[in-house]
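Visitor: got a structure for you, letters missing:
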Ligand code: F6R
């Protein structure tokens, strides 16, 4: 595990985007595992800049996202598909048909989850998985639990996650209570993992997850077992 602490969110974002860009430069047909939330916004801006400067070409890249809320359609501005379109996909030359986000409106969610895992396998796995971390230690929406769940699955969001994500919605009652998330198998199967966390409020969970015991009660702690994981933390 490589643990890097930097001073500012800008430094964190430029390091993270450089790491992802270098994966794409060395393998143009990379499979990028992507995340939403506030943490990756600066990283995505860095990738967009690299694309605009002609440094990175995304035309052969496939992306596969971690999660999606149940019941939000792609045109809902709080859906993770919408987030990805707005903050990254529409600003780089990735092929839309090679971008994957779980379908939180699928009629048969179990089947959607199975197909998502089959897709990850058929792509040959993920070259680099970008992660944020929740205040309760979740990665994707793998919430604290008694076991690490391997497969993509339906989750009930933890009340603390609903509260944390209420900042993006007009009221806490509008936050979906469930989501589909990639499981630990997909995440741990990635060749490289890059986790970014910023802000003083993340300091305690970062310490617990990466310097404490490995337990499904702190889901991110499983990353201590990954052979190629980089954590970048900035206080600000
Ligand atoms: C989002 C995701 C979540 C977030 C986490 C942190 O796709 O997988 O695990 O990374 O909730 O969110 P922010 O970055 O908003 O603090």
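Guide: The structure has been received and is ready for your questions. The structure displayed is predicted, hence computed values, not measured ones. Numbers count the residues shown, from 1 in each chain.
Visitor: what residues does this structure have near the ligand?
Guide: Contact residues (C-beta under 6 Å from any ligand atom) of the chain with the ligand: 35-39, 66-67, 132-134, 138-140. C-betas here are computed from N, CA, C, even on glycine.
Visitor: ok, 5 Å please
Guide: 35, 36, 37, 38, 39, 66, 67, 132, 134, 140 (C-beta under 5 Å from any ligand atom).
Visitor: what comes up buried for the top helix by length along the chain?
Guide: The helix spanning the most residues in the chain, taking DSSP state H as the definition, is helix 9-26. Of the residues in helix 9-26, 9, 11-17, 19-21, 23-24 count as buried by neighbour count, 16 or more other C-beta atoms under 10 Å.
Visitor: how far off centre is it?
Guide: 15 Å (C-alpha atoms, centre = their mean, to the nearest Å).
Visitor: what helices or strands is it leaning on?
Guide: With contacts taken as 3 or more C-beta pairs under 8 Å, 6 or more residues apart in numbering; DSSP states H and E, helix 9-26 sits against strand 2-6, strand 31-34, helix 41-52, strand 128-131, strand 192-198, strand 229-234.
Visitor: how about a cut-off of 7 Å?
Guide: strand 2-6, helix 41-52, strand 128-131, strand 192-198, strand 229-234 (3 or more C-beta pairs under 7 Å, 6 or more residues apart in numbering; DSSP states H and E).
Visitor: ok, residues contacting that helix?
Guide: Contact partners of helix 9-26, identified using C-beta atoms under 7 Å, 6 or more residues apart in numbering, comprise 4, 6, 30, 32, 42-43, 45-47, 50, 55-56, 58, 61, 127-128, 130, 192, 194, 196, 198, 230, 232, 234, 236.
Visitor: re the thing from before, max pairwise distance over the residues of the chain next to the ligand: which two?
Guide: Greatest spatial distance among the residues of the chain next to the ligand (C-beta to C-beta): 38 and 140, at 15.6 Å.
Visitor: neighbour count: these two, which is higher?
Guide: residue 140 (28 against 13; other C-beta atoms under 10 Å).
Visitor: I'm done for today, thanks for sticking with me.
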